[in-house]
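Visitor: structure for the following, please:
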Amino acid sequence: MAADRDALITGIGLISSLGEGPDATWAAVNAAGGFQPVLEKTRFAPWPVHPMVKLEWERQIPRREQRQMEPWQRIGVYAAGLALDAAGVKGNAALLERMDMIVAAGGGERDYAADEGIMAAVRNAPDPGALLNERLLSDLRPTLFLAQLSNLLAGNISLVHGVVGSSRTFMGEEAAGTDAVRTACARIAAGQGDLFLVGGSYNAERPDVLLIYAAGGTLRQGPFVPVWERQAAGGGMVLGSVGCFLVIESRAHAAARGAAPIARIAGILTGRCRRQPGEATQVATGQVAALQPALEKTGAAVISGATGAAPATAEEAAFLRDLGLPVRAAATALGHSMESAFPASIALAAMAVANGRLFHPLDATEAPMDAGLRQMLVTSWGLWRGEAAALVERA
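Guide: The predicted structure follows:
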C-alpha cells in the first residue's frame, strides 16, 4: 500500500469513568500510587459498574438537542465532538461535508414505563397475544419500537456536529466496533475515502442490559477484581460506560491540511468462529501471523479487549502468554463496553505509542515494561463471537 494511503489517527475523543479526554485517561492509568478503578458499587448491586464521569454536556451538545437524547446518545455525541476538536476539524464545513462516519451501536435505551405496563397487563390478560399486539401498536415510540434505533446516534452526530458525508451504523456487540475500524481503514487503503469519524458509545448504567447479561451468567458479582484475576473466581464482566470516537484519515489528507498524526493503524483483521474449544485461538493465531512481518521483536506490547467472562478470557490469556509480550487489559481500567470497547482499546494504544511508553500495569499479574514503546498489538475477543487484531504504531 502506498504510504499516502496509510490510515492515521489524528483525533481521539474518549470519555469514561476515568475522565474526559485522552489526557485524563493517560493520567489515571499512570497514577503514581498504582491504578485505581472508578466504580459504582451500590446502585446496581450485586453487580459493580464503571460509571460515566460527570460531564458538562453543554460543552459539546446544545441544551435544546439534549432533550431528545438518552444517555447512550449523549455519550456518543459528546465523544465525537471531542474527537473532531482534537483533529482540528470541528466547525470546518468544507471538511465535515465529506467526512464519512462509521458508528458501532447496540439497541438504544428502552422505554421502561411501557415495558413495565405491558408486563403487568399480560400477567392477567385472557388473551396475552392479542393484548401484546394491541399495546405494541399504541405504545411504540416514533422510532418504531420500544428501544431507540441504533442509527439515531449517527443522526444526532450529523445534526449537532455537521458531519454529513456517508454514514453507516454497525450492530453486533464487540464485532461492530472491530468492523467499524476495519472498514474505515480498508476504505482509506482502497482510495474510497480520506477522512472518517469512527467509534461508538455504551451506557452500562442500565438495568435492562445488566439483567440481560446477568441472566446469561456473564456478569461479575461482588467485589471488583481485575480482568485476569477473575478467572479464579469463575470469570465475569464488569461493564463500563464509555464513549470513544477516532478521526482516521489518509496520510496524504492529513499532510495536506497540516494535521499532526497521533498514531498509525498499520494493519487490522477481524473474524469469528463458533467458539468451540481452541477455535478462537486458531482465528487469533492466523491474525497475528498476518501481522507478524510488521511486528517488531522489541518495543511492542499488547492491549487486550478481554471481557473477563469465562471461558473466552481464560483462552485468550493463554494465547497472549505464548506471545511473550507485556499485556494490559483495557477492561480493568474502563470496564467492558461492548460496541465501543475496540475503539477505546485503539485509543489507549495510540496514546501509548505517541508517548513512547506503555502505561503502568493494571494488576499484579501484568508485567512492567521499561523499554521504549513503538508498537501496540490490540486484540478483541468478543463475549460470544468475534475475534480481531490490529497493529498500532508510531506515525
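Visitor: surely residue 152 meets residue 72?
Guide: No: checked against CB atoms under 8 Å, the pair residue 152 and residue 72 is beyond contact range at 9.2 Å. Where C-beta positions appear, they are placed from N, C-alpha and C, glycine not excepted.
Visitor: out of the two, which sits in the busier spot?
Guide: In this comparison of residue 152 against residue 72, neighbours counted by other CB atoms under 10 Å, the higher total goes to residue 72 at 29 against 20.
Visitor: isn't the more buried one right next to residue 204, touching?
Guide: No: in this structure residue 72 lies outside contact range of residue 204 using CB under 8 Å: 9.7 Å.
Visitor: ok, now which ones touch residue 31?
Guide: Counting by CB atoms under 8 Å, 6 or more residues apart in numbering, residue 31 makes contact with residue 360.
Visitor: pLDDT at residue 149, what is it?
Guide: At residue 149, the model reports a pLDDT of 83.
Visitor: I'd guessed it sits against residue 108; true?
Guide: Yes: when contacts are counted by CB under 8 Å, residue 149 is listed as touching residue 108 (6.4 Å).
Visitor: which helix or strand lies directly C-terminal to the helix or strand where residue 198 lies?
Guide: For residue 198, the element it lies in under DSSP states H and E is strand 195-202. Counting by DSSP H and E, the next helix or strand C-terminal to strand 195-202 is helix 207-215.
Visitor: ok, and for that next one, which residues are buried?
Guide: Of all the residues in helix 207-215, those buried under the rule 16 or more other CB atoms under 10 Å are 209, 210, 213, 214.
Visitor: quick one, strands of the stretch 1-150 of the chain?
Guide: Assigned by DSSP state E, counting those that start in this stretch, the stretch 1-150 of the chain shows strands spanning 7-16, 19-20, 100-104.
Visitor: closest one to residue 384 among those strands?
Guide: Ranking these by proximity to residue 384 (CB to CB) places strand 100-104 first, at 15.7 Å.
Visitor: what lines up beside that closest one in the sheet?
Guide: Within its sheet, strand 100-104 is paired with strand 167-170 (parallel), strand 195-202 (parallel), according to DSSP bridges.
Visitor: now the strand holding residue 198: how far from the chain's centre is it?
Guide: Relative to the centre of its chain, strand 195-202 is centred 9 Å away, using CA atoms, centre = their mean, to the nearest Å.
Visitor: same question, stretch 266-273
Guide: Here stretch 266-273 is found 16 Å from its chain centre; the criterion is CA atoms, centre = their mean.
Visitor: same question for that stretch, mean pLDDT?
Guide: On average, stretch 266-273 scores 98.
Visitor: cool, stretch 190-201 as well?
Guide: On average, stretch 190-201 scores 98.
Visitor: grab the nearest non-local neighbour of residue 78.
Guide: Excluding the flanking residues, the one nearest residue 78 by CB to CB, 6 or more residues apart in numbering is residue 60, at 4.5 Å.
Visitor: and the residue sitting furthest away from the middle of the chain, how far from residue 115?
Guide: Farthest-out residue of the chain from its mean C-alpha position, per CA atoms, centre = their mean: residue 126, at 44.7 Å. Going from residue 126 to residue 115 by CB to CB, to the nearest Å gives 21 Å.
Visitor: same question for residue 56.
Guide: 31 Å.
Visitor: compare these two (neighbour count), which wins?
Guide: Neighbour tally, residue 56 and residue 115, criterion other CB under 10 Å: the higher count belongs to residue 115, 14 against 9.
Visitor: can you tell me how far the more buried one is from residue 104?
Guide: 25 Å.
Visitor: next: residue 258.
Guide: From residue 258 across to residue 104, the span is 29 Å (CB to CB).
Visitor: compare the two (neighbour count), which wins?
Guide: Set residue 258 next to residue 104 and count neighbours by other CB under 10 Å: residue 104 wins out with 33 against 7.
Visitor: re earlier: check what pLDDT the residue nearest to residue 78 gets.
Guide: 98.
Visitor: how many other residues sit next to it?
Guide: 23.
Visitor: what's near enough to touch it?
Guide: 77, 78, 81, 82, 160 are the contacts of residue 60 under CB under 8 Å, 6+ apart.
Visitor: what residues are up against the spatially most central residue of the chain?
Guide: Computing the C-alpha centroid of the chain and ranking residues by CA atoms, centre = their mean puts residue 340 first, at 1.8 Å. Residues near residue 340 by CB under 8 Å, 6+ apart: 104, 177, 199, 200, 201, 202, 242, 243, 244.
Visitor: separation between the residue nearest to residue 279 when sequence neighbours are not counted and residue 382?
Guide: Nearest non-adjacent residue to residue 279, counting by CB to CB, 6+ apart: residue 273, 4.0 Å away. From residue 273 over to residue 382 the distance is 11 Å, taken as CB to CB.
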